[in-house]
Every structure is written in structure tokens, then in C-alpha cells.
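Student: structure for this input, please:
(2 chains)
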Amino acid sequence: MFGYIVRRIAQGILVLFLISLATFALFHFGPENPAEAMCPAQRCTAARLDAITKNLGLDQPAVTQYSEYMKGIFAGRTIGKGQGAKACPAPCFGYSFKYSVPVYGYLKGKIPATLSIAAGAAVIFLILGVAIGVVAARNRGRPFDRFTVGSTLVVSAIPPYIVFLLSLLIVQQRWKLFPNPQYVSPFHSPWGWVKGMLLAWVVFGVYNATAYARYSRGSMIDSLGEDYVRTARAKGLSERTVSLKHALRSAIAPVLTIFGLDVGGLLAGSFFIEYIFSIQGIGLASLDSIRTGDFPIIQATVLLGTLFIVVINLLTDVAYSVVDPRVRLG
Amino acid sequence: MSDRLYSSASTSTTTTLPEETDEPFLVVDDLTVKFPTHDGLVNAVSDLSYSVRLGDTLGIVGESGSGKSVSSMAVLGLHDMRSTRMSGSIRVNGKEIVGTKNDDMRKIRGNEVSMIFQDPLSALHPFYRIGNQLIEAYRVHHRDASKKQARDRALEMLSRVGIPQPDRRIDDYPHQFSGGMRQRAMIAMSLINDPRLLIADEPTTALDVTVQAQILDLIQELQREFGSAVIMITHDLGVIAEIADETLVMYAGRCVEQGPTKEVLTHPVMPYTWGLLGSIADVTSDTSKPLIPIPGTPPSLLQPPSGCAFHPRCTYKDRVEGNRCTVELPELVPAPVGEHHIKRCHLKDPESIYQDEVKEEVLG
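Tutor: Below you'll find the predicted structure:
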């Protein structure tokens, strides 16, 4: 187990390294010139463009730029030369082209918002989805099941941004059922945090729960048909124990796998939610950085997303081996 | 249905001990089980009657889909009653099962009546330790037993069924056991509450021959010790010969021949039983002699054949005058030979056909 985890961490580091290389190459050899993006079209002179290029270090060979970048992450570095030189202590992910602030500090302030959205929504869609799925599976073919399957299909068929937009417009703006979405630090004001996140959690949680209801319904139906569930019944256990202890235990394993993938993705940024609800998180920052060609932020958000996915995948595999004793890590 | 429930309630109060009554421990009377499916109504079991006394073993034989398992699952009330149509009567220790509520059935399941399933790898929960599965089985019927008591009982049962070093193996998961050990654990689990009736549903099918013999011996030994009634469901007449006092041959959901095992095996009167006898593989017999399969395939229970369900596969139907076999369902009548031996077949003189034509071929 320990050896396995060490090996997986080493693999994760390799993945991060390759991803950083790929993002770097994509940007460096792509058509975008960040210096041009920072040089307003009307007042841009050749000299000024040159100065910007030099200042960003974009005149250096790609290999030098990359090794500078990597060095910055672990040891910190100085960006630019002479008068405009800026100190960037480790972990240095560079300075934002657009905001001229260290990327690390800029993104660090946005992680809690994304984390809050992801955690709250994940709790809701996992619990709600599995609960609906279990009840539907136990009542397979009856009205509740038919209604649930039908309605979850309808909801899932609507694109998420439409659902989020409509919920913001109608539920929040018109009916005023929810407080205005915003991020408030829970350490600063726990109640403010809940109030600000509530709409995002509920809308996102319920929307995603429809998919989880279907996964867990299917998984639960399979597991209710297993021989060992019949054995549990033959032992004289109550129907409740049979479903919740025996059938659900094995039905939850495949759901857990999808859950891990989803949460990893969510931590990289809940793009639609952050954009539509104007919550300053990682997702919004990365959308913004792509639009403005702010390479240091793109690079950092990609790395951050990769890190989250690598870590969550490892956690999922460990959790899987806890749920299913037949799974041996190694 | 309601007055049946009522009358069974009154009988069960008067017969607290099964020994005091003449009625066998298990009485199945005119049992019919149907499952509605998308394709139509499946007639899984039709008009089945049998009984088993404490200490006796009934063998039920038949091909896959003949209704063996369906009928015995009905004894435990394991069918989903929202979708199963069941009629007739099943009395366990005088108590009526058909129509009983699930909550009342639970007191019988795993306690008075328990079941050993076919494939112990899939019948044991892969995520729970063997010991915990046994403990759970014990505690559900012994609510006041402590964890320690239940664990001691589980250990006792595991050692009783011949698991080596039970104190070390009790915390293993099923996948850490061999096939034979898993079946032993399954038997330990089904016997943990001293059931009076044990239903073994093809308990040896998933095991190799040596282990098969050990498991059968074990079941017989435990039966002698506890004096329980046993129903052995199998498609293997070899198993029947070894273990059953009485044998019931099922085909397409119906009993087609029933009698004392010795009678059925030495004087079989139904062509289907002849077919089963011909298809036994025996290690002691001449291996160059081919097995004789029964031609054709088991019938669909959605639309059972008219008349005798076996007629499309029966090579003796010409011996019956007219086309009775194809149009008229034979009644269950006493066989011309033997006592308590009944058959569902139109053949007039099956005994002489068997002795003169079939026996040679079947027994080689």
C-alpha cells in the first residue's frame, strides 16, 4: 500500500511535468503573441513592443524560458532586468501579464471560492443522487421510478449554463428565494459563506444529482440482482438492511469512481457556475486568462487542475480499495 | 387467502413441536408459481406437491429451468411478491407460507428454514468478512446475543464444517477462501441457527468432484446430527443416489415422477428419467462409452408444449395410442411398480419397456 502510494505520487509528478511542458510548448509555438496582446493597438510602436517582449523574457530561447519557469517554482527568481526587475519568491509561477501581480498570490486567493463550490455541490449531488437512485431502484418499474428516470433525463438534457442562468434569473433575481451569490470566507463569516454559496450549491448539486441518480439506480439494480443479496434475504435480514448494507455497499463502488473524476474536474474550476454567478474562482480566472492570453495564469491554472485531478484520482483508488477488499493496490 | 392465513394461525398455536403432529415438517400442496414478464406469463411451477419429514432427504432433479429452484425459493418466500403470482399452499411446521407478509417470513428464513446456494463465490458478499457474515446471520435471529457470543458461535460452526484454523480464517474475505472452503462457510452460515429444514440448491455444482463428495458427506453428517429435513436440488442423479431418501423428478415446472430413490433409480417409469439416467457420467464406468444426451432442449415456460410437456423430446410417444401425448396432459398416477411411486406419463407398460429396451442402453 505504502509503496503503491509512493509510486503513484511519482507518476503524478511525472504527469505534472509533462503537462507543464505541453502547455508551455503549445503556448510558445502557438500563434498568440502575448507582447502584442499587452500592447494597445493604437499606441503600439515597434520599440515599445520590443521592450515589452524583453521585459517578459519572451526574447529568450524557449528552453531558457522553461528552465527559468521551473526554477522559479522551486527556488524563486527575479523577473525582468534592471529597473523593472521584480522579485518573485518561491513558489513562483511568474507574474500575470495582465495584472502585473505574482500568479501564485493571485490564484491563491481564488482557490477557496472554487473549493467551496465544489465541496458543497459534491456533497449535495452525491447524497441526493445516491438516495434518489436507491429509492428508484427499490421501486423499479413503479411510478416513482418512472417519474425519476424521466425527469432526470429531461434535466440532464438541458445544457448546464441554461439551467444556471435561468435559476439565477428566476429563482434568485425574480423570486428572491436565495441570497445573492458571492464568496465570503467562512473564517470571516460562516453564515455569510453559506448564504453566498447556497444558490450555487443547490443549483449545481441538484443538476448533477440527476446524473448520479441514474448511475446509482443502475448500479443498485445490478447489485439487488446479485446472489449475495438473495443470500442476505435468505438469512432473514430486513429489507432495509438488505438494501442499505448489502446491496448499496457494492453498488456504491462504481459511483465512487465517477464521483472522483467529477470532483477532480470541479476543483479545476466550476466554469459555468463561476462565470454565471460571478464568483471569483479558479474557473473564472482561467477563462479570463485564456481570453487575454495571460500565459503565466493559463500555465498555473492548468497545473493546478492537473494536480487536483492527480490527487483526487489517487484518493479515489485508495477509497476503492477500502470499499472493495478484493482490490489490492500494488 | 385471508381465511387460509387465519386457519394456519390457529394450527400453529396448537402444534408448537413438530414431533407431536403427523404432518411432515414441510408440506407443499398444489403449488403454482407464475412470473409476468414482457414476453408473457412464465409458468415456472405448476401443481407441485411434496412433503419432507424431519430427518429425511428429498432430492429434486431436473434440467435448468425445470422449476426446481423456483419452487424451493418459494418455501423461503424469496420471490418478489410484487411481481410473482403464487397459489397453492406451503406449510412449514404447520405455518402457511403462501400469502404471509415479508416481515413474518423473515422470522422463518435462515432460522427454521435455511438455504445453501449454488455458487458460494457469488452467494457470499465479496465485501464482508466471512466471520461477519456468519455473525450477522446468527444475530438477526438471536437479538440478545452479544457480539462475543455470536463470534464464538461462528467459530464453532466454521470448525464444525471443517475449516482449518477457524480462529485465523474467520476474518478472511470470501475471495481468500478456496471454492470448497467457501461452500463449507456457506453451509456453516446456513446451519448457524440450527434450521429444521435445509434447502441445498445445487450445492456442489461449482466444485470439483473430490470436494463435491466431501460437501455431500458433510451435509449428511450434519443432517444426522441435527435431525433436520433436507431438500437437495440437483441435476445430477449421482448426487441423488448418494443422499436422497425420496426423489422427485421435475420437468417444465411439473413433477413427472416421484418415489423412494431406490424405486426411481431402479424402476424408472418416465422416459425423461430414463434420459437423465443415460446422461450420468460415472468415473467407474467404461469411458469409451458415450453418454446419451436427451435430444432437443428444455421447453419454453412461456408457452409450454401442449399435452405432456416432454412429448417433443420423447422417443416413446408412438407407443401411446392416438396422439394422447401431444394433446392430453397426463395425470400424476401411481406407477405400475413400487409403493409410493407416482408418474406423469401415458405409457401403459413403462416397466417392461425399461427392462427390455432402455436399461441396457442406459446403464451400459
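
Student: counting contacts, what elements does the least confident helix or strand in chain A by mean pLDDT pack onto?
Tutor: Between all helices and strands in chain A, the lowest mean by mean pLDDT, DSSP states H and E belongs to helix A:34-38, at a mean of 73. Helix A:34-38 sits against helix A:46-56, with contacts defined as 3 or more Cβ pairs under 8 Å, 6 or more residues apart in numbering or on different chains; DSSP states H and E. The way it works is simple: take the backbone N, C-alpha and C, and place the C-beta from them, glycine included.

Student: tell me which helix or strand comes right after the helix it packs on.
Tutor: Toward the C-terminal end, the helix or strand that comes next after helix A:46-56 (DSSP states H and E) is helix A:62-75.

Student: quick check: buried residues in that following helix?
Tutor: A:65-66, A:68-69, A:72-73 (16 or more other Cβ atoms under 10 Å in any protein chain shown).

Student: buried sites along the following helix or strand past that helix?
Tutor: Downstream of helix A:62-75, the next assigned helix or strand under DSSP H and E is strand A:77-79. Going by neighbour count (16+ other Cβ under 10 Å), the buried part of strand A:77-79 is A:77, A:79.

Student: also stretch B:68-85?
Tutor: In terms of neighbour count (16+ other Cβ under 10 Å), stretch B:68-85 has its buried residues at B:68-79, B:84.

Student: with stretch B:131-140 instead?
Tutor: The neighbour-count check on stretch B:131-140 (16+ other Cβ under 10 Å) flags B:131-140 as buried.

Student: near chain A at all, it?
Tutor: Yes - Stretch B:131-140 reaches chain A (Cβ under 8 Å from any Cβ of the partner chain) through B:136-137, B:140.

Student: narrow those residues to those in helices?
Tutor: Within the residues of stretch B:131-140 next to chain A, residues falling in helices by DSSP state H are B:136-137.

Student: residue numbers of chain B in contact with chain A?
Tutor: Of all the residues in chain B, those in contact range of chain A (Cβ under 8 Å from any Cβ) are B:76, B:78, B:102-103, B:106-111, B:114-115, B:117-119, B:122-128, B:136-137, B:140-141, B:173, B:175, B:189.

Student: in strands only, show me these.
Tutor: Here DSSP state E is the test, and those give B:114-115 as lying in strands.

Student: and the residues of chain B next to chain A, which are buried?
Tutor: When burial is judged by neighbour count using 16+ other Cβ under 10 Å, the buried members of the residues of chain B next to chain A are B:76, B:78, B:106, B:108-111, B:114-115, B:117-119, B:122-128, B:136-137, B:140-141, B:173, B:189.

Student: can you report how many residues neighbour the closest residue to residue A:48 other than its chain neighbours?
Tutor: Of all residues beyond its chain neighbours, the one nearest residue A:48 is residue A:39 (6.0 Å), with distances taken as Cβ to Cβ, 6 or more residues apart in numbering or on different chains. The tally of other residues near residue A:39 (other Cβ atoms under 10 Å in any protein chain shown) stands at 19.

Student: and the residue nearest the centre of chain B, which of the three is it?
Tutor: For chain B, the residue whose C-alpha lies nearest the mean C-alpha position (Cα atoms, centre = their mean) is residue B:233; its distance is 3.1 Å. Taken by DSSP: H, G, I helix; E, B strand; the rest coil, the conformation at residue B:233 corresponds to strand.

Student: please name the nearest non-neighbouring residue to residue B:55.
Tutor: Spatial nearest neighbour of residue B:55, excluding adjacent residues (Cβ to Cβ, 6+ apart): residue B:227 at 5.1 Å.

Student: compute the number of surrounding residues for the one you found.
Tutor: When counting by other Cβ under 10 Å, one arrives at 12 neighbours for residue B:227.

Student: quick one: it from residue A:298, how far?
Tutor: Separation of residue B:227 from residue A:298 (Cβ to Cβ, to the nearest Å) stands at 79 Å.

Student: returning to that earlier point: now the buried residues of stretch B:68-85 as TSV including pLDDT?
Tutor: Formatted as TSV, the buried residues of stretch B:68-85 follow (pLDDT from 0 to 100):
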residue	pLDDT
B:68	90
B:69	89
B:70	92
B:71	92
B:72	90
B:73	91
B:74	93
B:75	93
B:76	92
B:77	90
B:78	90
B:79	90
B:84	91
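
Student: and the residues you listed, which is closest to residue B:280?
Tutor: Of all those, the one with the least separation from residue B:280 (Cβ to Cβ) is residue B:68, at 17.2 Å.

Student: thank you, goodbye.
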